[in-house]
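K.L.:
Sequence first, then the predicted structure:
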Amino acid sequence: MTIRISAIIPTYHRPVDLNKCLESILRQTLLPDEIVLIDDGDLGGFPMREPLEQAGIDCIYLQKDIPGVTESRNKAADIARGALLIFLEDDVVLFDDYIEQLVTTFETQDSDGRLGGVGGLIENEHLSWFERFFERVPFVLFGISGFREGKVLRSGFATDYGRTGFPIRKLTDVDFLLGGVSAYKREVFDQFRFSNRYRSASGYGQGEDKEFSYRVSRQYRLLINPDARLYHYPAPKKNFNRYIKGRAFILSRYYFFSESVKQSWLDWPFFWLATLGYTAYAGARAILSLRKKEWQRFRGALAGVKDIITRKSLDTL
């Protein structure tokens, strides 16, 4: 089976990180047919174009005027020519067989045509033993997280990858994939798009990848292949405001719960238990750390809770 592969990379003022990402693509055991680079910054062109094209990879470059990762992903999906769209972030470094692992999963697991997306795992993001105890215990008690990674809970919160101490070891059906560690069949984008509703006031997405993939999972299978691995080296975010982040987190969970997860009014107590539990946790963390950024996050979470209760300012993160 031969499948045309498009690698999609939104980027914003990270030329050094982007070069490392592109270098790791050149080392792949299975090269993509094209790379679609959506630039929200000022690169002025496609870095490393010559070695990429010499390797047989088409390079497509588009510079946008209005920054935003959701818009970048949707735009790239529109112009990409592959049957398989692999979404990456500009600050990841792929294991040499990352693309091959994803493609092999589609080739071997999609006999009925119901497989819509496949995700990999981030190798270098895990909880410390301290975090496992002081975060995991209250998170499980309040329904903020669970025991099975990749599962959405009744509260509208979810069990994230690398956050339980019990990582996925084999091909596993999941409810959601992460935006920079996932691949989808093109036909998925004939029906679904990333939602701009999850773009915060700081310009960054807040859970838009989880919300998108969860909607996809209601119609298609999603799989995690733990052998498809990459490193993520998060670069400092420009204009990053933790007050906005805290508020956006709470409101994005509200959007996700009320629009995608909630089945009946009986689910609301689960949402509020998790929401108030998370807010209390953010407050305790602020008190114990005495760090300004944690107080900003806590204040933002409180503002989000207030907005939900008063029904004010709910249309924007």
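P.N.:
Now that the structure is in, tell me what you want to look at.

K.L.:
List of residues touching stretch 206-218?
P.N.:
69-70, 116-117, 152, 158, 174-180, 182, 184, 188, 192-195, 197-200, 222, 245, 248-249, 252-253, 255-256, 260-261, 317 (CB atoms under 8 Å, 6 or more residues apart in numbering). In short, each C-beta sits where N, CA and C put it, glycine included.

K.L.:
now those: which count as buried?
P.N.:
Using 16 or more other CB atoms under 10 Å as the burial test, the contacts of stretch 206-218 include 69-70, 116-117, 152, 158, 174-180, 182, 184, 188, 192, 194-195, 197-200, 222, 245, 248-249, 252-253, 255-256, 260-261, 317 as buried.

K.L.:
what stretches of the protein score poorly on pLDDT?
P.N.:
The model of the chain has pLDDT under 70 over residues 1, 126-133, 201-203, 236-240.

K.L.:
what packs against the longest helix anywhere in it?
P.N.:
Assignment by DSSP state H gives helix 268-289 as the longest helix of the chain. Counting by 3 or more CB pairs under 8 Å, 6 or more residues apart in numbering; DSSP states H and E, the packing neighbours recorded for helix 268-289 are helix 136-141, helix 242-256, helix 292-310.

K.L.:
Tell me which of those approaches Gln63 most closely.
P.N.:
helix 242-256 (25.5 Å; CB to CB).

K.L.:
what angle sits between the closest one and helix 292-310?
P.N.:
40 degrees (axes from the mean of the first three to the mean of the last three CA atoms, to 10 degrees).

K.L.:
what angle separates helix 242-256 from helix 268-289?
P.N.:
160 degrees.

K.L.:
hmm, who's touching helix 242-256?
P.N.:
Here helix 242-256 has contacts from 156-157, 197-198, 200-202, 206-207, 210-211, 214, 271, 274-275, 278-279, 282, 293-294, 296-305, 307-308, 314, 317, using CB under 8 Å, 6+ apart.

K.L.:
Give the buried subset of those as a PyMOL selection command.
P.N.:
PyMOL command restricting these to the buried ones, with burial defined by 16+ other CB under 10 Å:
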select buried, resi 156+157+197+198+200+202+206+207+210+211+214+271+274+275+278+279+282+294+296+297+298+299+300+301+302+303+304+305+307+308+317
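
K.L.:
most distant residue from the middle of this protein?
P.N.:
Gln54 (31.2 Å; CA atoms, centre = their mean).

K.L.:
Report the separation between it and Asp39.
P.N.:
Distance, Gln54 to Asp39, using CB to CB, to the nearest Å: 22 Å.

K.L.:
ok, now Glu71?
P.N.:
Counting by CB to CB, the gap from Glu71 to Asp39 is 12 Å.

K.L.:
anything in contact with each of the two?
P.N.:
Joint contacts of Glu71 and Asp39 (CB under 8 Å, 6+ apart) are Lys64.

K.L.:
Comparing the two, which shows the higher neighbour count?
P.N.:
Asp39 (23 against 18; other CB atoms under 10 Å).

K.L.:
Looking only at the top strand by length along the chain, what residues are buried by neighbour count?
P.N.:
When the chain is parsed with DSSP state E, its longest strand is strand 221-232. In terms of neighbour count (16+ other CB under 10 Å), strand 221-232 has its buried residues at 221-230, 232.

K.L.:
TSV for those residues, including distance to Glu89?
P.N.:
Shown next, in TSV, are the buried residues of strand 221-232 (distance: CB to CB, whole Å):
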residue	distance to Glu89
Arg221	24
Leu222	19
Leu223	20
Ile224	17
Asn225	18
Pro226	19
Asp227	20
Ala228	15
Arg229	14
Leu230	9
His232	7
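
K.L.:
Provide the backbone phi and psi angles at Asp39.
P.N.:
The phi and psi values for Asp39, taken as degrees, to the nearest 10, are phi -100, psi 120.
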